[in-house]
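> Structure, please.
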Amino acid sequence: MGHRRGAWLIAGALLGTACFSHGQTLVSQQPLRWNADALGNHRYLVQVAQPADAVRVVIPWRRRDAHPEQVAVIVTGPDGQPVANVLRGAIDRASGELVFKAAHAGTYAVYYQPYVSKGRSNYPTVTYAPVSETADAAWAARWQRDAKAWSKLPVAKVLRYEAVDDFDAYTAMERTATPDELKTLLAAHAHQALLLFPETRANPIRMFDALPERWAQRGPGGSFSDSVARGEYLSFQVGAWAPQAAVGDVRVTFGALKAADGAVIPADAFTCFNLGGIDYAGKPVTSRIDVAAGKVQALWMGLDVPADAQPGVYRGELVVSAEGQAAQKIPLAITVESGQAIAHGDDDPSRLSRLRWLDSTLAQDNELVAPFTAITVDGAKLGILGRDIVLGGNGLPRQISSRFDERMTGMAGKAQQVLAEPMELASAATGGTQQLRADGDADAPAIVRDGPAKVHWRVDGHLGVLRSALVGTLEADGTLSYDIALTADQDVSLEDIRLDIPFDPATARYQLGLGRQGDRAPDTFDWKWNVENNQDGAWIGTVNAGLEFHLRDENYLRPLNTNFYHQQPLRMPVSWDNQGQGGIRLRHVDTHGQEDHPYYLAEAFSGPRRMKAGETLYYNLVMRVTPFKTIHPAEHFAERFYHRYGDLDAIKADGADVVNIHHATPINPWINYPFLEPDAMRAYVDAAHQRGMRVKIYDTVRELSDRAPELPMLESLGHEVISSGKGGGFSWLQEHLDGDYIAAWHVPENRDAAVINAGQSRWHNYYIEGLDWLARNIGIDGLYLDDVAYDRTTMKRVRKVLQAHRPHPLIDLHSASQYNPRDGYINSALLYMELFPYIDRLWFGEEFDYESTSPAYWLTEISGIPYGLMGEMLQHDGNPWRGMLFGMTNRLGWSPGSDPRALWKLWDAFGIEQAEMIGWWVHDTPVQTGRDDVLATSYVRRGSKTLIAIASWAPQKTSVKLAIDWKALGLSSNKATLVAPAVEGFQPAATFKPDQLIPLEPGKGWLIEVE
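All right, here's what the predicted structure looks like:
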């Protein structure tokens, strides 16, 4: 849960016997063969024929860890107890020589990578036990290493290698070649700079700094052969080893495959994933492959076998070339069998047919996503759902307005203006200040339609002495993006280049971002760029109108988040940052040439600089106009979440109808890889549907489980998918990865360990295809997103894919507060605002402060309402009284204290789904307290009854008298009664008269029914 707390929930789900139908339990993990925490994950069994004071054994372990001589070895006897009297002989990666006392005949075990785990269980620090002397001094002196004496000792017979479980076992691709084997291999191929080793998908290349035993013994070259079904996607590899010196610019080309009867599989059916593909945004990308000296590069290929391919053996070749090297050919022999693959083979992840998903363009289009409407174009005026943008001749917004009403449930008769004046990009130099101007005298740019959900325009012009090229885009969700290139035709000195956003004062009520938590917009505020902070913009607005803006350049890359910001921080935009001279100023401006025209100014400046002739700077800008959509309180109150895997009948009996399935549960065991228990997951989802319930699963891309079969292939892509880091973490990661990664979340109960993904990559394409597979084959109803690491491009595709299979998919976003030093003091709402158009509910979250913050903080940081969302509470189970002002409760199943059932019962008795929610922020809200520190939200069933939620922010006990607009409620004050029904854990029963003072405790409140 934000991966900071909540391990108890995971442990309970894994260790319990939760089931979806009475008596049927689900999958459990393979039992461990021994205590890995005490002995490590690997051992050799050896047989001692008869007792002896000392026996000798040489373990042929062929280890991949760099320094086996520095790691302890533990020997246990037939009784399982450690043998103290052990001496170490020659220890290296190839083998280990030991002498130990064998008090009894039988099978002994040699554990050779024991580790020590410290720190937090979910982020363990694992180190390998150092060598220590345990032998009795007299015994050690008697058998101190002497080659002649040791050669005469009885020899223990090596029986076999074992791992603590099948998953931890070293594969054949992780048994290293010995120095003698390498010497022989190199002698036979002394003049080859690059040695090639074809491999099937069954043997993924896992080592990149050592050669496997099987390659050294087999030798390089040879042909590649495999069998495949018709319509299957076949993945395979070629390992490229540069034994002596680096080899640059490795390339792969393919020829057509031909069968004896003349049938052909064309060359374009092949792919080499390492050399490029289609990126997460749908654009072609290419990669250069260089193999460093002594390193192995796995080249992963794919062959898309046509569904109508004739059975037979198809022959051809692939060619590997490199700078300064002769091309090498690898003959191919692919047997197409008569059977037909189902879905290209995708139903079995281990076959790696899903690698083709890396280049998917599924849902990569400019079509609409509900509830958004097609963009309208009327000259300079662009219309989207509830909002209008009017462009100036220079391409920047001249006006932005919102037609959402303050209740956020519909549209208002009069639009709310966001800007008081046109937005301006200006430059200041010795000759004065100049604004961005278009070449020519057009009043508006020419708008190009890219689809119903996107338009763009281009304006060439000038900014003082600089040439400008502006490309603007607007999307149906309200995202307004600008790429603005400024080029100097001659050397020039500038005092500043700045952007002015003059907000209408009525709109600029609240602000969040730039190191400030959500609150009233400050009178004045100054901010500067700092790479320690994940900050490049802000949101300024009111409930029903606002603008989010971010300052960027052409090198922007989405930073990592949630505990890992500093491993991949924000790239400072060269233009806006200007070596620390840039920043943003917020302030009220009382006049703008005339006394009756005040505004609130957000001024982004970049400071003095020199530009050389031909130099181009990119002053890019990304904005979003809020709100994105209306809220739907009736749906929100009707969809009741249960956040825990459990018995469906019991969950339904508790009143919940939407079940969130976390990772580390029996049907979704592995974090962000929900494909390995499909039968169990499908059965659970089907059972839920039979009961009229819906099921959402945990699945994001921030980190990836070590259980993903694709992980070795992803390593071969360098750091396209897996982030670069210092390695470490749980033992599996250290033993099976190359050390250049960031260790992420670990679940000790099922030994699931993850690595951090690199942010925006082709893995997002895989993720989209995976969601489509889950929606089609499992029937999931939506997603539970936990501090995700992708942008709106991917989020939009997520929504499209789920909507293609469900009329109303449910997506809720959880975030632990990112406003802390490890996350760069970014507001969760601002970090994820780009995703808000495509999700349904917020759950903010650990470390959010429900007690000592203001109503404005609740409104802007937690509730989601100014953006078209509603939410729930988490930290310490929330503040239920304040929560009801925003339609928020805690979430059932999350913790023992998180129990909204008593409130649900009141809602149902009142009929809250038939009521209109009128929040305290509405200027003519029908129930008011006359105070800023005690607020009231009304749930109005006009002419019938009203539920009034009252909550206090007053520091001490107080009381209020309600000012009620009886006409707006459709009730008569003479006949009305104010009754607070008893609600367990919330309030005692009470009755009040309309003119009576209502007492309030600090931080608490009431729910009062008026009839």
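
> neighbours around R520, how many?
13 (other C-beta atoms under 10 Å). From N, CA and C alone the C-beta is placed, and that goes for glycine too.

> Roughly how far does the closest residue to it other than its chain neighbours sit from F503?
Closest residue to R520 apart from its sequence neighbours, by C-beta to C-beta, 6 or more residues apart in numbering: A856 at 5.5 Å. Distance check for A856 against F503: by C-beta to C-beta, to the nearest Å, it reads 16 Å.

> longest single helix anywhere in the chain?
Using DSSP state H, we find that the single longest helix of the chain is helix 763-777.

> What residues of that one count as buried?
Neighbour counts over helix 763-777 (16 or more other C-beta atoms under 10 Å) mark 763-775 as buried.

> chain center to the longest strand seen in the chain: distance?
With residue count as the measure and DSSP state E as the assignment, the chain has strand 325-340 as its longest strand. Put simply, strand 325-340 sits 37 Å off its chain's centre (C-alpha atoms, centre = their mean, to the nearest Å).

> Give the next helix or strand downstream of that strand.
Later in the chain than strand 325-340, the nearest helix or strand by DSSP states H and E is strand 376-378.

> Helix or strand, whichever it is, which one in the protein has the lowest mean pLDDT?
Lowest by mean pLDDT, DSSP states H and E among the helices and strands of the chain is strand 24-25, with a mean of 32.

> Could you tell me the average pLDDT over the helix or strand following that strand, please?
For strand 24-25, the succeeding helix or strand toward the C-terminus, using DSSP H and E, is helix 36-39. Across helix 36-39, pLDDT averages out at 97.

> re the thing from before, relative to helix 763-777, how tilted is the helix or strand following the longest helix of the chain?
Once the chain leaves helix 763-777, the next helix or strand it forms, by DSSP H and E, is strand 782-786. Strand 782-786 runs at 140 degrees relative to helix 763-777, counting by axes from the mean of the first three to the mean of the last three C-alpha atoms, to 10 degrees.

> Direction included, what does strand 782-786 pair up with?
strand 694-698 (parallel), strand 810-815 (parallel) (DSSP bridges).

> what does it rub up against?
The contact list for strand 782-786 (C-beta atoms under 8 Å, 6 or more residues apart in numbering) reads 1-3, 643, 660-662, 694, 696-700, 702, 771, 798, 802, 806, 809-815, 835, 839-840.

> That one: how far from the chain's middle?
11 Å.

> on that earlier part again, will you turn the strands paired with strand 782-786 into JSON lines that also has mean neighbour count and mean pLDDT?
Shown next, in JSON lines, are the strands paired with strand 782-786 (neighbours: other C-beta atoms under 10 Å; pLDDT from 0 to 100):
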{"stretch": "strand 694-698", "mean neighbour count": "23", "mean pLDDT": "98"}
{"stretch": "strand 810-815", "mean neighbour count": "24", "mean pLDDT": "98"}
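
> Put together CSV for these, with distance to E337 on each row.
Formatted as CSV, these follow (distance: least, C-beta to C-beta, whole Å):
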stretch, distance to E337
strand 694-698, 34
strand 810-815, 41
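
> So for A538, which of these sits nearest?
Nearest to A538 among the strands paired with strand 782-786 is strand 810-815 (17.9 Å), distances taken as C-beta to C-beta.

> how far does that closest one sit from the chain's center?
12 Å.

> and what of stretch 805-825?
Centre to centre, stretch against its chain (C-alpha atoms, centre = their mean), the figure for stretch 805-825 is 9 Å.

> in that stretch, what's buried?
809-819, 823-825.

> what's the answer for stretch 284-299, then?
So, applying 16+ other C-beta under 10 Å, buried residues of stretch 284-299: 289, 291, 295-299.

> Which residues does that stretch contact?
194, 204-205, 207-211, 237-252, 272, 274-279, 320, 322, 712-713, 715-717, 720, 762.

> elements contacting the helix or strand harbouring V622?
V622 belongs to strand 620-626 when assigned by DSSP H and E. In this structure, strand 620-626 makes packing contacts with strand 397-404, strand 479-488, strand 537-542, strand 545-552, judged by 3 or more C-beta pairs under 8 Å, 6 or more residues apart in numbering; DSSP states H and E.

> could you measure A990 against D933, distance?
From A990 to D933 the distance is 21 Å (C-beta to C-beta).

> Now for A49, how many residues are close by?
13.

> I figured it hits P154, correct?
Yes. Counting by C-beta atoms under 8 Å, A49 does reach P154; the two are 7.1 Å apart.

> ok, what's across the strand from Q511?
Assigned bridge partners for Q511, using DSSP bridges, are D519, I540.

> For it, the count of nearby residues, please.
For Q511, using other C-beta under 10 Å, the count is 25.

> Touching, it and T524? I think so.
No. Under the criterion of C-beta under 8 Å, Q511 makes no contact with T524, lying 11.8 Å away.

> What's the ChimeraX line that selects buried ones from the contacts of stretch 284-299?
To isolate the buried ones among the contacts of stretch 284-299 in ChimeraX, judged by 16+ other C-beta under 10 Å, type:
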select :194,204,205,207,208,210,211,237,238,239,240,241,242,243,247,250,252,272,274,275,276,277,278,279,320,322,712,713,715,716,717,720,762
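
> Local confidence estimate at the closest residue to G692 other than its chain neighbours?
Closest residue to G692 apart from its sequence neighbours, by C-beta to C-beta, 6+ apart: D657 at 6.8 Å. D657 carries a pLDDT value of 98.

> Enumerate every residue touching D657.
639-640, 692-694.

> quick one on the thing from earlier: which residues sit against the longest helix of the chain?
278, 280, 343, 346-347, 354, 357-363, 674-675, 678, 682, 697, 699, 701, 704, 710, 714, 721, 757, 780, 783, 790, 793-794, 797-798, 801-802, 804-806.

> quick one: average pLDDT of it?
Per-residue scores along helix 763-777 average to 98.

> For E861, see how far away the residue nearest to P809 when sequence neighbours are not counted is.
Counting by C-beta to C-beta, 6+ apart, the nearest residue to P809 once its immediate chain neighbours are dropped is L802, at 3.7 Å. Using C-beta to C-beta, one gets 27 Å for the distance from L802 to E861.

> do the same with I501
Taking C-beta to C-beta as the measure, I501 falls 21 Å from E861.

> between the two, who's got more neighbours?
Between I501 and E861, counted using other C-beta under 10 Å, I501 has the larger neighbour count: 29 against 24.

> mind checking the SS state of the more buried one?
strand (DSSP: H, G, I helix; E, B strand; the rest coil).
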